[in-house]
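Peer 1: sequence first, predicted coordinates after that:
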Amino acid sequence: MTDLLSLSEADRLIGASLPLFADETVPLAGAAARILRQDVLAERALPPYDRVIMDGIAVRWTGQHRHFLTAGLQGAGQPPLTLPEDGACIRVMTGSVLPLGADTVIPREKLVEEERDRQGRHAFRLETDYAPSPGQHVHRQGADCRAGERLLGAGCILTPPAMAILAANNVAHPRVTRVPAIAIVSTGDELVSPGAPVENWQIRRSNEFAIGASLARKGFVRQTQSILRDDLAQQVETLGALLASHDVLILSGGVSMGEFDYIPRALERLGVRKVFHKVAQRPGKPFWFGIAQDGRPVFALPGNPVSAASCCSRHVIPALLRAQGAEAAPIRMVRLGQALDPIRDMTRFVPVRLTQDDGGMTTAIPFPMPSSGDFNRLALTDGIVELPPGGATREAGCAVAFHDW
Ligand SMILES: Nc1nc2c(c(=O)[nH]1)N[C@H]1C(S)=C(S)[C@@H](COP(=O)(O)OP(=O)(O)OC[C@H]3O[C@@H](n4cnc5c(N)ncnc54)[C@H](O)[C@@H]3O)O[C@H]1N2
Ligand code: MOO
């Protein structure tokens, strides 16, 4: 067993072999959750003008006046009016430019509206005892950012705040990573599609739906599904066509020691270079990974459903996120809700359900599956925890790495 590849070595080899996916420009509205592939500089100082942040009146505060005659109405989106003299005010709205000559905004609720004077002008009186701070309620030009300041860098994910920054800085067509076309392929003469009649010696194919859902959750929505029979010639032909039309291949089944486990041979015939076969992990030991001549990655996962799902979460998804040019996301650590034993010479993956302990901390309740063919209770779980090889029992409360489905 010790000659098997360690998980960290598998990570390193995958990382060193992966291509960087191509980029494209897209309309801003369709860019949410994509990976940015450009830097974004502030279009101009923001806010671009001294911005009123309370509805009320704008005055030049000298401390001499508590009674102000209105000299105009300044709405948001209008060019600045000019305050004529001390003791006058301009009614202002949140978001409007501060009138020229004014320096302070008094909120409407601190004002008492007075009768119109003989010229029909409104007047406002400050509430008794109200003492404004000079300069208050004005968001100064450039307080948020300077013109030309770097606001976003290549590799960031377009989160809700990042989307707002793109819009506010006039990036109408951001450059983002193109969503790769992914072929999800299953192999096996025993497999029958949902909806078709099934014999007692056959099983319904399910891995591709789990893998497809896992990919879709991370934004990898360009997917096709294919089934290969246990026939080497057909596998070579179909895989060749899929390699020509997709950026990534994710296979399941046909990678262990069976008479009909042709996948590694079929891939090598197509010039896909084996980077590794078999990793010191359970489930998922027979995981095969290779790179086609033009650099496209091929992940061939073991067919057992828990193995395929675990390899997808632990290896495939992180690798695809990296190939998008994304900044490395921190590994999520959770606390074990119950003790788990590690495996002496292999990394152990255990399905877990996330809950909260009494202190509100995220806690992982293990749902060990008796075998990697037992998957019909996996829907009770949120993902897997990873126990590195060897060492003592990981007691309840121990922090472990978590990977969601
Ligand atoms: N002599 C050995 N035999 C096996 C070894 C080994 O080291 N030596 N490893 C075992 C382990 S561990 C695993 S995992 C499996 C992996 O086998 P394959 O990748 O070749 O997968 P298959 O044999 O094709 O299928 C295994 C199992 O999974 C079912 N399956 C396959 N595809 C699907 C699908 N799309 N949806 C649902 N279920 C699927 C398939 O029917 C089999 O029951 O090998 C062990 N053997
Ligand atoms: O890798 Mo297999 O996953 O243990 O059944």
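Peer 2: Perfect, thanks for sending it. Ligands and ions are numbered 1, 2, ... in the order given.

Peer 1: now do the same end-to-end measure for stretch 192-206.
Peer 2: 9 Å (C-alpha to C-alpha, to the nearest Å).

Peer 1: where along the stretch 51-200 of the chain do the helices fall?
Peer 2: Remark: helices assigned in the stretch 51-200 of the chain by DSSP state H, counting those that start in this stretch are 160-168.

Peer 1: looking at it, which residue is nearest ligand 1?
Peer 2: Ser186 (3.4 Å; C-beta to the nearest ligand atom). (C-beta placed from N, C-alpha, C; glycine too.)

Peer 1: surely that residue touches Ser252?
Peer 2: Yes - with contact defined as C-beta atoms under 8 Å, Ser186 counts as touching Ser252 (5.2 Å).

Peer 1: who's more crowded, those two?
Peer 2: Ser252 (30 against 24; other C-beta atoms under 10 Å).

Peer 1: got phi/psi on Val334?
Peer 2: When quoted as degrees, to the nearest 10, the phi and psi of Val334 stand at phi -130, psi 160.

Peer 1: would you mind measuring from it to ligand 2?
Peer 2: Distance of Val334 to ligand 2, given as C-beta to the nearest ligand atom, to the nearest Å: 22 Å.

Peer 1: what are the bridge partners for that residue, then?
Peer 2: For Val334, the beta-bridge partners are Val400 (DSSP bridges).

Peer 1: neighbours of it, how many?
Peer 2: 20.

Peer 1: can you check Leu18 too?
Peer 2: 19.

Peer 1: what's the answer for the one 3 residues further on, then?
Peer 2: Around Phe21 sit 19 other residues, with neighbours defined as other C-beta under 10 Å.

Peer 1: coming back round to it: and the residue of the stretch 51-200 of the chain closest to ligand 1, what are its bridge partners?
Peer 2: For Ser186, the beta-bridge partners are Ile227, Ser252 (DSSP bridges).

Peer 1: next up, the contacts around it.
Peer 2: Under the criterion of C-beta atoms under 8 Å, 6 or more residues apart in numbering, the neighbours of Ser186 are 205, 207-208, 225-228, 251-253, 303.

Peer 1: now with 7 Å?
Peer 2: When contacts are counted by C-beta atoms under 7 Å, 6 or more residues apart in numbering, Ser186 touches 205, 207-208, 227, 252-253.

Peer 1: so which bits of the stretch 301-405 of the chain are right by ligand 1?
Peer 2: Selection of the stretch 301-405 of the chain residues close to ligand 1 by C-beta under 6 Å from any ligand atom yields 302-305, 307, 372-373.

Peer 1: need the residues of the stretch 51-200 of the chain near ligand 1, please.
Peer 2: When proximity is defined as C-beta under 6 Å from any ligand atom, the stretch 51-200 of the chain approaches ligand 1 at 186, 188, 190-191.

Peer 1: possible to save these as TSV with pLDDT and distance to Val112?
Peer 2: Shown next, in TSV, are these (pLDDT from 0 to 100; distance: C-beta to C-beta, whole Å):
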residue	pLDDT	distance to Val112
Ser186	94	76
Gly188	91	82
Glu190	92	84
Leu191	93	79
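
Peer 1: now the residue lying closest to Glu149 once chain neighbours are set aside: phi and psi?
Peer 2: Leaving aside its sequence neighbours, Glu149 sits nearest to Ala42 (C-beta to C-beta, 6 or more residues apart in numbering; 4.6 Å). When read as degrees, to the nearest 10, the backbone of Ala42 gives phi -60, psi 130.

Peer 1: could you check the pLDDT of Ala42?
Peer 2: On pLDDT, Ala42 comes in at 98.

Peer 1: over to the one 10 residues further on?
Peer 2: The pLDDT attached to Val52 in the predicted structure is 98.

Peer 1: Arg204 too?
Peer 2: Note for Arg204: predicted pLDDT of 95.

Peer 1: go on, the one 4 residues further on?
Peer 2: Residue-level confidence at Glu208 comes out at 96, pLDDT.

Peer 1: flag every residue of the stretch 251-400 of the chain that's near ligand 2.
Peer 2: 282-286, 302, 304, 307, 372.

Peer 1: in strands, which of the residues you listed fall?
Peer 2: Arg282 (DSSP state E).

Peer 1: next, format the residues of the stretch 251-400 of the chain next to ligand 2 as CSV and append neighbour count, distance to Ala401 and pLDDT.
Peer 2: Shown next, in CSV, are those (neighbours: other C-beta atoms under 10 Å; distance: C-beta to C-beta, whole Å; pLDDT from 0 to 100):
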residue, neighbour count, distance to Ala401, pLDDT
Arg282, 18, 16, 97
Pro283, 25, 16, 97
Gly284, 27, 15, 97
Lys285, 20, 19, 96
Pro286, 23, 22, 95
Pro302, 26, 21, 95
Asn304, 22, 22, 95
Ser307, 28, 18, 97
Ser372, 20, 19, 85
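
Peer 1: excluding its backbone neighbours, what's nearest Thr381?
Peer 2: Nearest one to Thr381, counting by C-beta to C-beta, 6+ apart, is Pro351 at 4.0 Å.

Peer 1: where is the longest strand in the protein?
Peer 2: Looking across the chain with DSSP E, the single longest strand is strand 347-356.

Peer 1: buried residues in that strand?
Peer 2: By neighbour count on 16 or more other C-beta atoms under 10 Å, the buried set for strand 347-356 is 347-352, 354.

Peer 1: what does stretch 263-279 give?
Peer 2: 263-264, 266-267, 270, 272, 275-279.

Peer 1: quick check: Gln293 touching Gly271?
Peer 2: Yes - between Gln293 and Gly271 there is a contact under C-beta atoms under 7 Å: 4.6 Å.

Peer 1: so what's the residue count around the nearest residue to Val352 once chain neighbours are set aside?
Peer 2: If the residues on either side of it in the chain are set aside, Val352 comes closest to Ala364, at 3.8 Å by C-beta to C-beta, 6+ apart. By other C-beta under 10 Å, 28 other residues sit near Ala364.

Peer 1: other SSEs contacting the helix or strand containing Ala364?
Peer 2: Following DSSP states H and E, one finds Ala364 within strand 362-366. Judged by 3 or more C-beta pairs under 7 Å, 6 or more residues apart in numbering; DSSP states H and E, strand 362-366 is in contact with strand 332-336, strand 347-356.
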